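> Any chance you can model this:
(one chain, ligands or ions: 1)
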Amino acid sequence: MIWNHNKECMSRDQMHDLQGKRLQKLVKKVYHSTPFYRRKMQEMDLTPGDIRTIEDIVKLPFTTKQDLRDNYPYGMFAVPNSEIVRIHASSGTTGNPTIVGYTRNDLEIWQECMARCLAAYGLTSNDVFSISYGYGLFTGGLGAHYGAEFLGATVIPASTGNTEKHVKLIRDLGITGIASTPSYALYLAEVIEKMGIDVGELKLRTGVFGAEPWTENMRREIESRLHINAYNVYGLSEIMGPGVAYECKCKNGSHIAEDHFYPEIISPETLENLPAGQKGELVFTTLTKEGMPLLRYRTKDLCSIMEGECPCGRTNVRISRIMGRSDDMLIIRGINVFPSQVESVILDMPEFEPHYQLIVDRVNNLDTLQVLVEVRKEYLSDEISRMLALKKRLADKLKSVLTVGADVKLVEPNTIARSDGKSKRVIDKRKID
Ligand code: DLL
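Now for the predicted structure:
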């Protein structure tokens, strides 16, 4: 079903027109209410009057995660805090998280975009829908939750953890749809099998999966093990959260909610715009956001804009699957982790050498993170209890900074292999390419 025919199936000319008008208004707004953008535009000798059509967007400055960090916490907000009704956050590269503020209107647009997405998968008010994204500062839980309520489905805020209890709910409540990371879906299939439950007897039929990269192979495996249709949903906190782009029944690329988020693909090296079909970095401008509008935000996600019309009838452009990142961000169990966050924790503790390694793997369909770190000679001890206490202290600090648990392994100085004097920081053994 198409939730908002008017906005999802507009002619391309009408869409460009709408985007142009919204961009003009947005640029005026940020120029007058966000000192960061006024300064940037002044440096480029730009005034809001220079932006007349959507094609003029290329004149505007880019925004990066670093800019958000530099303006932490509220510097990018374009409205007074009295108009902000919700805050979410995602991991920063080091230290400060990225803070995102939403006005009431922003939240309404978000739930509408999520409802568009769920409707595109065939979900309706007759569905019993469980949300197994984390609830909290992460946008997955609440984002999917309000979208599903707006659609009218019966929503089960299952969140993550306690999978056996979740399986019982799936069976007893006749849950028909589920939103989670794709790796959690595979783990769920495993728990269902272990519990001796026949998946054929469950009513599950639709899965809404995102927050981490996945492949067509994973789709096939999830679909055959859970007996469902598995669809991709894409999004990021800085822009909104889940629902920025979503697949339709064709399962061939994700349609962007283009009336709200204007996409560009740039070369991460030259920063020039690339034509449809070419892989590059995805950039978004939030055309309607009030709380924290962003101009040309560099997502660092690599993908391409797909050409041609989609048989589903939607005219909004599609992006391919995310094919990687142009930075070193890892996504572990749906949580964004930067190696530099681990580094800053380690450098803060005098017991450690600045040599560490992150080993990421996928065991029984769940991501694992091991952190190897060299202990300075003077802190090495034969007393096991001392070493265990040090290991626990590091593990606790990592958990509080990363929010994802890490298995810490303390090693002696000079044991982590170096090349050119540097240790290889990340070994990712997962096969998701
Ligand atoms: O992951 C929002 C979200 C929640 C999307 C639930 C979908 C479902 P962040 O924590 O800010 O927000 O992480 C955003 O996750 O830049 C991508 O690198 C990655 N990502 C999100 N969805 C997908 C997807 C949420 N479908 C970052 N495929 C993004 C591949 C994805 N990568």
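> which residues touch residue 370?
Contact partners of residue 370, counting by CB atoms under 8 Å, 6 or more residues apart in numbering, are 358, 359, 360, 361, 406, 407, 408, 409. (Each C-beta comes from the backbone N, C-alpha and C, glycine too.)
> Buried ones among these?
358, 359, 360, 406, 408 (16 or more other CB atoms under 10 Å).
> Of those, which belong to strands?
358, 359, 360, 408 (DSSP state E).
> The second one and residue 424 touch, don't they?
So that's residue 359. No: shown here, residue 359 and residue 424 do not form a contact pair, counting by CB atoms under 8 Å, at 10.2 Å.
> Show me what residue of the stretch 201-350 of the chain gets nearest to the ligand.
Per CB to the nearest ligand atom, residue 210 is where the stretch 201-350 of the chain lies closest to the ligand, at 2.9 Å.
> Could you count how many residues lie near that residue?
28 (other CB atoms under 10 Å).
> Also the one 10 residues further on?
Applying the criterion other CB under 10 Å, we find 11 residues in the vicinity of residue 220.
> one step back: can you pick out the most distant pair from the contacts of residue 370?
Farthest-apart pair in the contacts of residue 370 is 361 and 408; separation 15.1 Å (CB to CB).
> Pop out the phi and psi values for residue 331.
phi -120, psi 110 (degrees, to the nearest 10).
> Start the count at 13 instead of 1 going forward.
Got it, the first residue is 13 from now on, which makes the last one we talked about residue 343.
> so how many other residues sit close to it?
Neighbours of residue 343 using other CB under 10 Å come to 20.
> okay, it: pLDDT?
As predicted, residue 343 sits at a pLDDT of 94.
> so who does it touch?
223, 224, 225, 349.
> For those, point out the one with the lowest pLDDT.
Out of the contacts of residue 343, that is residue 225, at 87.
> got the residues of the chain near the ligand?
102, 145, 150-152, 222-225, 244-249, 253-254, 311, 313, 334, 337, 343, 348 (CB under 6 Å from any ligand atom).
> Please list the members of the residues you listed that lie in strands.
Using DSSP E, the residues of the chain next to the ligand in strands are 102, 222, 244-248, 253-254, 311, 313, 337, 343, 348.
> circling back to that earlier point, could you identify which of the contacts of residue 343 has the most neighbours?
Counting by other CB under 10 Å, top hit in those: residue 223 with 29 neighbours.
> mind checking how far that one is from residue 194?
Distance, residue 223 to residue 194, using CB to CB, to the nearest Å: 9 Å.
> List the contacts of the longest helix seen in the chain.
Ordering each helix of the chain by length in residues (DSSP state H) puts helix 24-45 first. The contact list for helix 24-45, computed with CB under 8 Å, 6+ apart, reads 22, 49-50, 53, 59-60, 63-69, 72, 90-91, 270-271, 274, 297-300, 305, 307, 327-328.
> Make a ChimeraX selection of the buried ones in these.
Buried subset of the contacts of helix 24-45, written as a ChimeraX selection, criterion 16+ other CB under 10 Å:
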select :22,49,50,53,60,63,66,69,72,90,91,270,271,274,297,298,299,305,307,327,328
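> after the lowest-mean-pLDDT helix or strand in the chain, next one along is what?
Of the helices and strands making up the chain, the lowest-confidence element is strand 434-435, at a mean of 62, by mean pLDDT, DSSP states H and E. Counting by DSSP states H and E, the next helix or strand C-terminal to strand 434-435 is strand 438-440.
> Show me where the protein dips below the pLDDT cut-off.
Applying pLDDT under 70 to the chain flags residues 104-106, 431-435, 443-445.
> what ranges do the helices span in it?
Using DSSP H, helices in the chain cover 17-20, 24-45, 47-55, 77-82, 116-132, 151-163, 175-184, 194-206, 228-238, 351-359, 396-414.
> Identify whichever of these lies nearest to residue 323.
helix 116-132 (13.0 Å).
> Next, the angle helix 151-163 makes with the closest one.
When axes from the mean of the first three to the mean of the last three CA atoms, to 10 degrees is applied, the directions of helix 116-132 and helix 151-163 differ by 80 degrees.
> other SSEs contacting helix 116-132?
strand 96-102, helix 151-163, strand 253-259 (3 or more CB pairs under 8 Å, 6 or more residues apart in numbering; DSSP states H and E).
> okay if I get those as TSV plus distance to residue 442 and mean neighbour count?
Shown next, in TSV, are the helices and strands packed on helix 116-132 (distance: least, CB to CB, whole Å; neighbours: other CB atoms under 10 Å):
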stretch	distance to residue 442	mean neighbour count
strand 96-102	21	17
helix 151-163	20	25
strand 253-259	22	28
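> Out of those, flag the one nearest residue 403.
Nearest of these (CB to CB): strand 96-102, 27.8 Å.
> Partner strands of that closest one, with direction?
Partners of strand 96-102 in the sheet, by DSSP bridges, are strand 110-115 (antiparallel).
> And the closest residue to residue 327 other than its chain neighbours, how close does it get to residue 264?
Among residues not flanking residue 327 along the chain, residue 21 sits closest, at 5.3 Å (CB to CB, 6 or more residues apart in numbering). Spatial separation of residue 21 from residue 264 under the definition CB to CB is 17 Å.
> got it, and residue 158?
Counting by CB to CB, the gap between residue 158 and residue 264 amounts to 28 Å.
> tally of neighbours for residue 356?
Residue 356 has 14 nearby residues by other CB under 10 Å.
> thinking again about what came up before, looking at the contacts of residue 382, which one is closest to the ligand?
Of the contacts of residue 382, the one sitting nearest to the ligand (CB to the nearest ligand atom) turns out to be residue 372, at 14.7 Å.
> for the closest one, what are its contacts?
Residue 372 neighbours (CB under 8 Å, 6+ apart): 342, 344, 379, 380, 381, 382, 438, 439, 440, 441, 442.
> Does the last one touch residue 373 like I think?
Put plainly, it is residue 442. Yes: counting by CB under 8 Å, residue 442 does reach residue 373; the two are 6.4 Å apart.
> can you list residues touching both of the two?
With CB under 8 Å, 6+ apart as the test, residue 442 and residue 373 both reach residue 379.
> follow-up on the earlier one: mind checking which of the helices of the chain is nearest residue 214?
helix 175-184 (5.9 Å).
> The closest residue to residue 384 other than its chain neighbours: neighbouring residues, count only.
Nearest-residue entry for residue 384: residue 369, 4.4 Å, with adjacent residues in sequence omitted and distances by CB to CB, 6+ apart. By other CB under 10 Å, the residues close to residue 369 number 21.
> what's near enough to touch residue 369?
383, 384, 385, 428, 435, 436, 437, 438, 439.
> Between these, which sits nearest the ligand?
Nearest member of the contacts of residue 369 to the ligand, counting by CB to the nearest ligand atom, is residue 438, at 15.5 Å.
> Mind picking the two most distant members of the ones in strands among the residues of the chain next to the ligand?
102 and 244 (19.3 Å).
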